[in-house]
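Novice: After the sequence you'll find the predicted model.
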Amino acid sequence: MTRLTLTVPSLSPINSQPSTPSYAALIPAAGSGTRLGKGPKAAVTVGGRSLLAWATEALAPHVAEVVVALPGGLSLPADVPAGVRTITGGATRQDSVRLLLEATHAEYVLIHDAARPFLSAEIVQAMQAAVLRSEAATVALPVADSLVLGDVNTEQARAFWVQGVARENLWAIQTPQGFRRELLQYAHAYAAAEGFAATDDAGLVARLGHTVELVEGDARLFKVTRAGDLALAEAFAGPSESRKV
Ligand SMILES: Nc1ccn([C@@H]2O[C@H](COP(=O)(O)OP(=O)(O)OP(=O)(O)O)[C@@H](O)[C@H]2O)c(=O)n1
Ligand SMILES: C[C@](O)(CO)[C@H](O)COP(=O)(O)O
């Protein structure tokens, strides 16, 4: 068994917290958009604006800097606000976030999927408060639908109901997720050393045994993943003069 020699960075005493903590918004946008089938989602438009413009405009007023991970060879869509920095992302979302973390010195980071365009100022501010309290927090929604374990019989290409899953205490994870940067960097290094992959950053921090605070999210913060999500996003974006996220 491999022994890991990394050390969890020490926590700052409460009274040493700076009065104006610095936040960076880190936006993984380096995916290929396979399930949507319209090329990299950063440039896919909703209500006449790129998904990346929606995400950056929601975050920029609240943070000192915004850094975006893009697929190699892709430039920022022209409607993204000035001042946004870019890096080339990695092969997976986890790789892209690890690379984004290397591109900032901010004390706190908010990680937000480019694929979630409708992020309100209230949620950003709630996340900033949570991360100061807990060092690790995520937006999440209590699960509302019935859940089952299914089994796919490939010969018949049919899914079989195996058993129901109790949904009490189950939450669907959204973004943004917020962290003290050094904690998340440590979690990524630890995961890389272990060969561990998670679908989100909070999963890497939780694996360290660190508590992750849940901040109640919003159905409008859905991820544009498939064609149906894009249709929903277009309907929700509406004409520009009637928009209020
Ligand atoms: N190598 C990757 C893969 C994903 N992402 C980003 O992570 C977010 C969530 O991923 P998802 O919605 O799955 O986007 P895609 O990976 O583009 O979609 P798909 O899995 O269908 O290809 C997106 O903003 C995506 O751009 C990333 O930065 N780097
Ligand atoms: C980070 C995330 O959006 C939380 O729900 C989700 O895990 C991303 O998954 P994806 O398969 O990369 O879209």
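Specialist: Looks like it came in fine. Numbering: from 1, shown residues only. Ligands and ions are numbered 1, 2, ... in the order given.
Novice: what does the chain put close to ligand 1?
Specialist: 28-35, 41, 69, 89-93, 96, 113-115, 223, 225 (Cβ under 6 Å from any ligand atom). (Glycine included, C-beta is placed from N, CA and C.)
Novice: of those, list those near ligand 2.
Specialist: Arg93, Asp113, Lys223, Thr225.
Novice: can I get those residues in a markdown table with pLDDT, neighbour count and secondary structure?
Specialist: Output for those, formatted as a markdown table (pLDDT from 0 to 100; neighbours: other Cβ atoms under 10 Å; DSSP: H, G, I helix; E, B strand; the rest coil):
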| residue | pLDDT | neighbour count | secondary structure |
| --- | --- | --- | --- |
| Arg93 | 98 | 21 | helix |
| Asp113 | 98 | 24 | coil |
| Lys223 | 98 | 16 | coil |
| Thr225 | 97 | 17 | coil |
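Novice: ok, back up a step: narrow the residues of the chain next to ligand 1 to just the buried residues.
Specialist: 28-31, 33, 41, 69, 89-90, 93, 96, 113-115, 223, 225 (16 or more other Cβ atoms under 10 Å).
Novice: For Met127, state which of these is nearest.
Specialist: Distance to Met127, by Cβ to Cβ, is smallest for Asp113 among those, at 13.6 Å.
Novice: residues contacting that closest one?
Specialist: Counting by Cβ atoms under 8 Å, 6 or more residues apart in numbering, Asp113 makes contact with Ile27, Pro28, Ala29, Ala55, Thr175, Lys223.
Novice: Check which helices and strands the lowest-mean-pLDDT helix or strand in the chain sits against.
Specialist: Ranked by mean pLDDT, DSSP states H and E, the weakest helix or strand in the chain is strand 158-165, scoring a mean of 78. Contact partners of strand 158-165 among helices and strands, from 3 or more Cβ pairs under 8 Å, 6 or more residues apart in numbering; DSSP states H and E: strand 147-153.
Novice: still on that earlier bit, can you give me how far the least confident helix or strand of the chain is from the chain middle?
Specialist: What separates the centre of strand 158-165 from the centre of its chain is 29 Å, taken as Cα atoms, centre = their mean, to the nearest Å.
Novice: Strand 147-153 and that one, what's the angle between them?
Specialist: Orientation of strand 158-165 against strand 147-153 (axes from the mean of the first three to the mean of the last three Cα atoms, to 10 degrees) gives an angle of 150 degrees.
Novice: what lines up beside strand 158-165 in the sheet?
Specialist: Paired strands of strand 158-165, with direction, are strand 147-153 (antiparallel) (DSSP bridges).
Novice: Since that was my last question, I'll sign off now.
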